[in-house]
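>>> Output the structure for:
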Amino acid sequence: MSESSFLAERFEAERPGLRAVAYRMLGSLAEADDAVQEAWIKLSRTDVSDVENLGAWLTTVVGRTCLDMLRSRTSRREDPLPEQDGSLRLPDPVVTAPARVDPEREVLIADSVGIALMIVLETLSPDERLAFVLHDMFDVPFDHIAPVLGRTTVSTRQLASRARRRVQGAAPSADTDNARKRDVVDAFLTASRGGDFEALLAVLHPDVVARSDGGALVPSILRRGADDVASQAITFARFAENARLVLVNGTPGVVSFAGDRPLSVMSFTIRDGLITGLDILTDPARLITLGLNA
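Numbering: from 1, shown residues only. All right, here's what the predicted structure looks like:
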């Protein structure tokens, strides 16, 4: 086997993990693929004969690329942070059928990286996000992260600690039993389809918050409180010909269709058997890129 073929084979073995790093850093599946491709280009042009751990080397390369992309995004004022009206740009959801999750997607959404946590990651600065993601999620040592950030090991450790406190303070606590969560989502879906307002109130937390990201083509919506969210759920259900239970980032969610066209991807935060948060992607342009079909 030639050296180039050997490197290509090693890179393909590392690709799922590298894509998982990039997805957590960027919240965009397309940008994650771009960052991984950049790593391949760098690998193909670099003499790595002295590299002892190619996987770790590639991880830091992807991290550096993602850091540059985040800094560029911020400088262009395209940082997907919550807007003043409470709407926000949701991270790309990873949607799979409940009975089938391919191994690469399992790596992509491992460690319960749900939409709610991804939204919290979006609130970190680029440097904080890199330090937290690489160290806390992928066990990269601080002395390997520090050169990427141009910082000392001590300051990198402090950066990750600050990010960790922010994540722990903002990430909502949630139930972890997928079977129980599926029952709650199924009850929500049944009540929405049937226009059963009281049944919806029974599965919604009184202070539930529903947020949608419609992109440039569909209005984004913010709803607070069980009454408001229940009314909106019934209204929306009338426009969707069918909705399917799926996994969204590994946890029960819903995809709604009009014919073969996806209308929305809905992610749920559930605590103590009640829905406390709904994050809904309704942006037609981004829904197309997910490759969903009824």
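>>> Any regions of the stretch 151-294 of the chain where pLDDT drops low?
Along the stretch 151-294 of the chain, segments meeting pLDDT under 70 span 172.
>>> switch the cut-off to 80
171-174, 238-241, 294 (pLDDT under 80).
>>> Would you map the strands across it?
204-213, 222-224, 242-248, 251-258, 261-271, 274-281 (DSSP state E, counting those that start in this stretch).
>>> what would these look like in TSV with mean neighbour count and distance to Ser5?
Yep, even glycine has a C-beta here, placed from its N, CA and C like the rest. Output for the strands of the stretch 151-294 of the chain, formatted as TSV (neighbours: other CB atoms under 10 Å; distance: least, CB to CB, whole Å):
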stretch	mean neighbour count	distance to Ser5
strand 204-213	19	42
strand 222-224	16	52
strand 242-248	18	36
strand 251-258	22	39
strand 261-271	23	39
strand 274-281	23	40
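>>> In JSON lines: the ones you listed, plus distance to Ala20.
Shown next, in JSON lines, are the strands of the stretch 151-294 of the chain (distance: least, CB to CB, whole Å):
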{"stretch": "strand 204-213", "distance to Ala20": "22"}
{"stretch": "strand 222-224", "distance to Ala20": "30"}
{"stretch": "strand 242-248", "distance to Ala20": "16"}
{"stretch": "strand 251-258", "distance to Ala20": "17"}
{"stretch": "strand 261-271", "distance to Ala20": "18"}
{"stretch": "strand 274-281", "distance to Ala20": "20"}
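>>> Mind listing what's buried along the top helix by length along the chain?
Criterion DSSP state H: the longest helix present in the chain is helix 3-26. Neighbour-count burial for helix 3-26 flags 7, 11, 14-26 (criterion: 16 or more other CB atoms under 10 Å).
>>> Determine the set of other helices and strands touching it.
Helix 3-26 is packed against helix 29-44, helix 54-75, helix 103-108, with contacts defined by 3 or more CB pairs under 8 Å, 6 or more residues apart in numbering; DSSP states H and E.
>>> Ok, which of those helices comes nearest Arg151?
Nearest to Arg151, of all the helices and strands packed on helix 3-26, is helix 54-75, at 11.6 Å by CB to CB.
>>> Give me the angle between that closest one and helix 3-26.
40 degrees (axes from the mean of the first three to the mean of the last three CA atoms, to 10 degrees).
>>> Please list the outside residues in contact with helix 54-75.
Applying CB atoms under 8 Å, 6 or more residues apart in numbering, the external contacts of helix 54-75 come out as 10-11, 14, 17-18, 21-22, 25-26, 31, 34-36, 38-39, 42-43, 48, 51, 79-80, 125-127, 129-130, 133-134, 138, 140, 144-145, 147-149.
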